[in-house]
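> Sequence plus the predicted model coming up.
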Amino acid sequence: MEKLGIYLDVDLLHELDKTVTANILKIEKEIAAVVGKETINLNSPSQVENLLFYTLQLPPQRKSKTGKFSTDYEVLKALAGLHPIPALIITYRELAKLKNTYIDALPHYVNKKTHHIHTTFSQTAAATGRLASSNPNLQNIPADASGYGIEVRAAFKAEHGDLFISADYSQIELRVLAYLSQDVNLMNAFLQGHDIHSETSARLFDVALADITNDQRQLGKRINFSILYGLTPYGLSKDLGISFKDAKRYIDRYFEQYPQVSEWMKSIIEKTKQLGYVETLWGRKRYIPTIYEKNRTLYEEACRIAINTVAQGTAAEIMKLGMLAVHKKLAIDYSQASILLQIHDELIISAPQEIVGEVEKLVKNTLESVVEWNVPLVVMTHSGADWKEITK
DNA sequence: AATTTCACG
DNA sequence: ACGTACGTGAAATTA
């Protein structure tokens, strides 16, 4: 992956830059018009803090680690109803991030000889066993289709009439959780091919699966993901904008409906205390010394890390085994096809257009067969001429 | 070098 | 009463 690299259409990025830069200038003027004479660097959290909470006298929401008033997205969102400036700053930040981190920076990484970007993948950076990408990081290219972000993906293009194929594991961490816990309800949902977020919602609300509304499904989705992070009632209440009490009810109800998940989590914590480390399914160890902490906050953090490491790390192992298997098979029958990128639960592959259909099938089957569990693995594939086209 | 913020899974 | 969701990397500012 590092050696092959990936082609970047610098001219397309330059076109995007014109639009984004024009928008940035427009917002800077709008803010200047409201603020008056005082010049302000919108990239400086400290100057934004002064503007919002001293000049404009807006109510501070919370403090950062060093005691200053935070100005992050969540804070700005909360202030947006009180004054026009916070919303403008949100948009400014969005565009400035896009320009500084991606549009302006990526072209400098294009190699003069290969005309490709060659990222570096580290196998020892992430404590869970995931890969990490750097210089540049190609695992955090914008994916959100609501703004201009997704257009950066359009600049990553297949060459010579080839097409890109994306192959992504569907809900791999929840399937890992289902397998490791052997939770009957979670396993059956996957075995029956149910939409797992609707399933969780249906169980939480005691409603038939078919009657789940889109909003209810979104809630099930948030809760499913939160479980893997070791959610707290406080964190969930903040995320969903509901009361602490209701959040606690949801969590209690989740563990009622998936009792073996609860038992499994307890057993992981116990094992971590015995050994001083957690182990993934294939035996990667992560030492967690704070599991012996008396400070409750640190101890609870250790518990969350232990749980999440097993799920995230085991999923990473499945992906790495899948990559080895795919690489070997491609080398034998489809030597013109190559893996270009890995984004945790997803691969980006390039292949000549004539064999794309066959390669898609091979990759899907191979990745789904890495393990033969009593919980199925499911891989979705998409093909297209650039990275935007295959982002769903 | 530390801090803040924000992009991704 | 207290503090509060996992794993990363990069850019800009500030100390």
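Perfect, thanks for sending it.
> how about the residues of the stretch 1-150 of chain A near DNA strand B?
A:45, A:64-66, A:68, A:70-73, A:75-76, A:90, A:93-94, A:97-98, A:101, A:139-144, A:149 (C-beta under 7 Å from any atom of the strand). C-beta: built from backbone N, CA, C; applies to glycine.
> Among those, which lie within helices?
If you go by DSSP state H, those have A:45, A:73, A:75-76, A:90, A:93-94, A:97 in helices.
> which among the residues you listed end up buried?
A:75-76, A:90, A:93-94 (16 or more other C-beta atoms under 10 Å).
> Nearest to DNA strand C among the residues you listed?
The closest of these to DNA strand C turns out to be A:R93 (C-beta to the nearest atom of the strand; 10.6 Å).
> ok, that closest one - contacts?
Neighbour list for A:R93: A:42, A:73, A:76 [criterion: C-beta atoms under 8 Å, 6 or more residues apart in numbering].
> CA atoms of stretch A:145-161 as CSV?
The C-alpha trace of stretch A:145-161 is given here as CSV (Å, rounded to 0.1, in the frame of the first residue of the first chain):
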residue,chain,number,x,y,z
ALA,A,145,-21.4,14.5,2.2
SER,A,146,-23.3,17.5,3.6
GLY,A,147,-20.7,20.1,2.8
TYR,A,148,-17.6,20.5,0.6
GLY,A,149,-15.6,17.9,2.6
ILE,A,150,-16.6,14.9,0.4
GLU,A,151,-15.2,16.8,-2.6
VAL,A,152,-11.7,16.1,-1.3
ARG,A,153,-12.4,12.4,-1.8
ALA,A,154,-13.3,13.1,-5.4
ALA,A,155,-9.7,14.1,-6.0
PHE,A,156,-8.4,10.6,-5.2
LYS,A,157,-8.9,8.9,-8.6
ALA,A,158,-8.3,5.5,-10.2
GLU,A,159,-5.9,5.6,-13.1
HIS,A,160,-5.6,4.1,-16.6
GLY,A,161,-9.3,3.3,-16.9
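> So which bits of the top helix by length along chain A are buried?
For chain A, the helix with the greatest residue count under DSSP H is helix A:296-333. By 16+ other C-beta under 10 Å, the buried positions in helix A:296-333 come out as A:301-320, A:322-323, A:325-326, A:329-330.
> Could you work out the end-to-end span of stretch A:178-193 for me?
This stretch, stretch A:178-193, spans 13 Å end to end (C-alpha to C-alpha, to the nearest Å).
> Oops, could you answer that again for stretch A:368-388 instead?
First-to-last residue span, stretch A:368-388, C-alpha to C-alpha: 24 Å.
> related to what we said a few turns ago, do the longest helix of chain A and DNA strand C meet?
Yes. Counting by C-beta under 7 Å from any atom of the strand, DNA strand C has neighbours in helix A:296-333: A:296-297, A:300-301, A:304-305, A:308-309, A:312.
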